[in-house]
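Undergrad: this one's structure only:
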């Protein structure tokens, strides 16, 4: 884990709120010079702390979709089978998030498809016995009241 100082944390906090800030705007908000700010952001990118900058879209305004939270239990609990399943799902565009969890299912997936036939197609391709899937339990979202992408407590984590 890389050590971050107060300035790094302030930069990251601001970028999580609005990554479209110009370097000058960012520098003003974090009380640093523009060259220092630019150098710090590049370093954070090189270190992989800033993985990428994206635009968050409101999918409901673009096209209707179906969001599902899926619990997966595998028939074998070996590291090799877990890794094989992870490789399978991370290459699937419809799967937005994949978590290996404990004390319950083996995996929890967040996925988004256009409709129920698309969901059934995905289930048929990915969640079959040939991929060591023993049980699938799916919850369909009917309303999302909160969605955040930030890493919390950046400013609280000072050394």
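TA: Perfect, thanks for sending it. Because the structure is a prediction, the values reported are computed rather than measured.
Undergrad: what's the closest non-adjacent residue to the residue of the chain positioned farthest from its centre?
TA: Distance from the C-alpha centroid of the chain, by CA atoms, centre = their mean, peaks at residue 33 (31.4 Å). Spatial nearest neighbour of residue 33, excluding adjacent residues (CB to CB, 6 or more residues apart in numbering): residue 27 at 6.1 Å. Just so you know, the C-beta spots here come from the backbone N, C-alpha and C atoms, and that holds for glycine as well.
Undergrad: same question, residue 90
TA: Sequence neighbours aside, residue 98 is the residue nearest to residue 90 in space, at 6.2 Å (criterion: CB to CB, 6+ apart).
Undergrad: tell me the helices and strands packed up against the helix or strand that contains the one you found.
TA: Secondary structure assignment for residue 98, by DSSP states H and E: strand 95-100. Judged by 3 or more CB pairs under 8 Å, 6 or more residues apart in numbering; DSSP states H and E, strand 95-100 is in contact with helix 79-90, strand 107-113.
Undergrad: out of the ones you listed, which is closest to residue 149?
TA: Closest approach to residue 149 among the helices and strands packed on strand 95-100 (CB to CB): strand 107-113, 12.4 Å.
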